[in-house]
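S.K.: need a 3D model of the following:
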Amino acid sequence: MSLYYQRNQGNDSYPSLYSNFTPIGGSDWSFSTSVGCLDPNTTIFRKSHAEGGRLIPRCTDYDVFLETTMKFNNTHVFDFPDKCLSRVIDKFCTDHLLVPNIVHYVWFGGREFDFIYFVSFYSVFKFQKPCFMFLYYDVLPFGVWWDLLQTLVNNIVFVKLTPPTQISGKKIIYVQHKSDIMRLKILKEYGGIYLDTDQYILRSVNEFRNKECTMDRGPDGGVANAVIFAAKNATFINIWIDSYRDYYPNKWGKNSVKMARNLSLKYPQYIHVYEVNCIFFPGESVLYNGNYKWSHSFAIHFFNKDYYYFSKKLGKLNPNTIKNLNNTIGAVFRYILYGNKELCK
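M.R.: Purely as a prediction, here's the structure:
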C-alpha cells in the first residue's frame, strides 16, 4: 500500500508562489492501477538526440562558434577556468534572466557511472533543456550508462580540473568538501545552475533563474547546496567563498549547508531562499519506503549515500526494476524515462 507523506497538512493546497504553475503527475496518486509502459529499448534508448553531432564550443581571437563532431570519445576537453567558455556562455546561453541556462556537475574520482546518475543527467536534458551541461572532473566516469548518455545528449562539455587539496592553509580531508569549494568557484566564474549528481529535475526550473542567487531549504533546516542558482560573480557566492577563511575540515556541513544558512540570515538581500519544499523534500525514508506526492515539486534530491544503503533491499536499479518499484524513487524514475509515474503492467 502506498504511503502519503507531506511536510505540511493540506497537500493539495499550495501557495501561489509561481507564475504559469501547473501540477504534474496527474490527479491519481493512489498507485492502485498500472499502465502499459513503453519498452525503453525501443524508445529513448534507441532514439539519439545527438544524431546531428555533438556540440563543441570553439573560440578564435575574433569569433565564438559551435563545432559539431560525430566522435563521442571524450577527446574535446577544456580546463578550468577557460575564457573561451565565458565567451561561449555570453554569446549562446544568455537571455532575459539573470542566471544563464547552463548546468554544472562536479565529478571527482574514477568510478562507474550508474543508472541513477544517468537518470539525473537525462532529467536535466529532458525538462530543463540547458544550453550546455558542463562536467568538471579529474577522472572521467565510465560504464554502459555513461556511453549511452553521450549518444543521447549532445551538449555535454568536459572540463578538466584538479581537485583542491587545501584551503586557508588547511588540508581538505573529504572529497565532498572539495566539491563544495569547486561548485562555488565555478558559479563565480560562469554563473548558472549547479546540481549534485543525485538531483532529479521534474520540470523547467527557469522560475529560479530570475534572481542573482537562489537556494532551497533542505529537510534538515539547512540551506541545501545540492542545487544552487547564481548569476556570474554573484555577491552571495563571493561572500560564501570568503567564509572559507575559517575552514573546518573535520566538521561535516559546517562550511556548506550550515554556513549557507547562517550567511542567508546575515545577508538576506543577496540570496532568495525558498521555504516550500519544492526541490529537496521528502527525506530518505519516504523516498524508499513510501510514495510522496510530488505534483508541485520542481526537483527531488535522492541522497545517493542512502540509496546504496537501501539498495540491498531495492536491488540494483535499472529500466526494468523501476517498472514496479512502488515508492517515490520508482515513480519519479518512471516519470522521467517513460513519461508516466504509474506502476507498469
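
S.K.: can you pull out the helices in this structure?
M.R.: 83-92, 115-123, 144-152, 175-190, 235-242, 257-266, 284-289, 304-314, 328-338 (DSSP state H).

S.K.: mean pLDDT lowest where, among those helices?
M.R.: Looking at the helices of the chain, the lowest mean pLDDT belongs to helix 304-314 (a mean of 69).

S.K.: low-confidence ranges in the stretch 151-300 of the chain?
M.R.: Counting by pLDDT under 70, the stretch 151-300 of the chain has low-confidence residues at 276-277.

S.K.: in it, which spans are strands?
M.R.: 156-160, 166-167, 170-171, 192-195, 199-201, 213-217, 223-230, 272-274, 299-301 (DSSP state E, counting those that start in this stretch).

S.K.: which strands border the first one, and is each parallel or antiparallel?
M.R.: Think strand 156-160. Strand 156-160 sits in its sheet next to strand 77-79 (parallel), strand 132-137 (parallel), going by DSSP bridges.

S.K.: highest mean neighbour count out of these?
M.R.: Most buried of the strands paired with strand 156-160 by mean neighbour count (mean count of other Cβ atoms under 10 Å) is strand 132-137; its value is a mean of 22. (Glycine included, C-beta is placed from N, CA and C.)

S.K.: returning to that earlier point: got a markdown table for the strands paired with strand 156-160, with mean pLDDT too?
M.R.: What follows is the strands paired with strand 156-160, written out as a markdown table (pLDDT from 0 to 100):
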| stretch | mean pLDDT |
| --- | --- |
| strand 77-79 | 88 |
| strand 132-137 | 96 |
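
S.K.: make a markdown table out of those strands and add distance to Leu184.
M.R.: Compiled in a markdown table, those are given as follows (distance: least, Cβ to Cβ, whole Å):
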| stretch | distance to Leu184 |
| --- | --- |
| strand 77-79 | 18 |
| strand 132-137 | 12 |
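
S.K.: out of these, nearest to Gly169?
M.R.: Evaluated over these, closeness to Gly169 peaks at strand 132-137, with 24.1 Å, by Cβ to Cβ.

S.K.: can you give me the angle the closest one makes with helix 83-92?
M.R.: 160 degrees (axes from the mean of the first three to the mean of the last three Cα atoms, to 10 degrees).

S.K.: mind listing residues that contact strand 132-137?
M.R.: 55, 57, 80, 85, 88-89, 92-93, 102-108, 121, 124-125, 153, 155-161, 182, 186, 190, 192 (Cβ atoms under 8 Å, 6 or more residues apart in numbering).

S.K.: redo that, cut-off 6 Å
M.R.: With Cβ atoms under 6 Å, 6 or more residues apart in numbering as the test, strand 132-137 has contacts from Ile102, Val103, His104, Tyr105, Val106, Trp107, Asn155, Ile156, Val157, Phe158, Val159, Leu161.

S.K.: what is the burial count for the fourth one?
M.R.: Other residues lying near Tyr105 total 23 when counted by other Cβ atoms under 10 Å.

S.K.: which one is it nearest to, not counting chain neighbours?
M.R.: For Tyr105, ignoring the flanking residues on the chain, the nearest one in space by Cβ to Cβ, 6 or more residues apart in numbering is Leu135 at 5.1 Å.

S.K.: could you do the last one as well?
M.R.: Nearest-residue entry for Leu161: Phe80, 4.2 Å, with adjacent residues in sequence omitted and distances by Cβ to Cβ, 6+ apart.

S.K.: surely that neighbour touches Lys160?
M.R.: No: contact between Phe80 and Lys160 fails when scored by Cβ atoms under 6 Å: they sit 7.3 Å apart.

S.K.: bridge partners for the residue nearest to Tyr105, pull those for me.
M.R.: Applying DSSP bridges, one finds that Leu135 bridges with Tyr105, Phe158.

S.K.: just Thr69 next, same as before
M.R.: Where Thr69 sits in a bridge, its partners, by DSSP bridges, are Arg54.

S.K.: quick check, it in contact with Arg54.
M.R.: Yes: the pair Thr69 and Arg54 passes the contact test of Cβ under 6 Å, sitting 5.4 Å apart.

S.K.: who's more crowded, these two?
M.R.: Under the neighbour definition other Cβ under 10 Å, Thr69 and Arg54 were set side by side, and Arg54 has more, 20 against 13.

S.K.: how much space separates the more buried one from Ile89?
M.R.: 18 Å (Cβ to Cβ, to the nearest Å).

S.K.: also Glu67?
M.R.: Distance, Glu67 to Ile89, by Cβ to Cβ: 16 Å.

S.K.: who has more neighbours out of those two?
M.R.: Between Glu67 and Ile89, counted using other Cβ under 10 Å, the more crowded position is Ile89 (23 against 11).

S.K.: any idea how many residues pack against Asn250?
M.R.: Considering only other Cβ under 10 Å, Asn250 is surrounded by 8 other residues.

S.K.: now it. Nearest residue, chain neighbours left out?
M.R.: Using Cβ to Cβ, 6+ apart and skipping the chain neighbours, the partner closest in space to Asn250 is Ile173 (6.9 Å).

S.K.: surely that neighbour is in contact with Lys251?
M.R.: No: between Ile173 and Lys251 there is no contact under Cβ under 6 Å: 10.4 Å.

S.K.: how about JSON lines for the helices of the chain, with distance to Gln166 added?
M.R.: Formatted as JSON lines, those follow (distance: least, Cβ to Cβ, whole Å):
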{"stretch": "helix 83-92", "distance to Gln166": "26"}
{"stretch": "helix 115-123", "distance to Gln166": "28"}
{"stretch": "helix 144-152", "distance to Gln166": "30"}
{"stretch": "helix 175-190", "distance to Gln166": "10"}
{"stretch": "helix 235-242", "distance to Gln166": "15"}
{"stretch": "helix 257-266", "distance to Gln166": "18"}
{"stretch": "helix 284-289", "distance to Gln166": "32"}
{"stretch": "helix 304-314", "distance to Gln166": "25"}
{"stretch": "helix 328-338", "distance to Gln166": "37"}
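
S.K.: all set now, cheers.
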